[in-house]
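> structure here, sequence nowhere to be found:
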């Protein structure tokens, strides 16, 4: 990516009851949750108690500070169980 580009990272959770809370980490540190959009989708299981979520993290007008490793974390609020996605490396180049 070049400086000032827009980067979008997408994450889809597995089924969870209740649907999982989604968090994004940059280099192991949670990034601002207001920077991502979360939507429920797909069919519901267990009479509507379980579902999937998609979460997109959008980084606009990126700078060198946005360079790093990103991962999505899905957390079940009832059990506290969390699942981490594979990591994606965002490299920013150019001036």
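Perfect, I can see it now. Everything numeric in this text was worked out from a predicted model, so none of it was measured.

> skipping adjacent residues, who's closest to the most centrally placed residue in the chain in space?
The centroid of the chain falls nearest to residue 72 when counting by CA atoms, centre = their mean (4.0 Å). Distances taken as CB to CB, 6 or more residues apart in numbering put residue 11 closest to residue 72, at 3.3 Å, once the chain neighbours are dropped. C-beta coordinates here come from the backbone N, C-alpha and C atoms, glycine included.

> and that neighbour, what's its pLDDT?
We note a pLDDT of 89 for residue 11 in this prediction.

> would you mark the buried spots in stretch 72-82?
72, 73, 74, 75, 76 (16 or more other CB atoms under 10 Å).

> measure residue 52 to residue 13 for me?
5 Å (CB to CB, to the nearest Å).

> residue 1 now?
From residue 1 to residue 13 the distance is 25 Å (CB to CB).

> which one's more surrounded, those two?
residue 13 (24 against 15; other CB atoms under 10 Å).

> pretty sure that one contacts residue 53?
Yes. At 4.8 Å, residue 13 counts as touching residue 53 under the criterion of CB atoms under 8 Å.

> for residue 66, grab phi and psi.
When quoted as degrees, to the nearest 10, the phi and psi of residue 66 stand at phi -80, psi -10.

> burial count for it?
Neighbours around residue 66, by other CB under 10 Å: 19.
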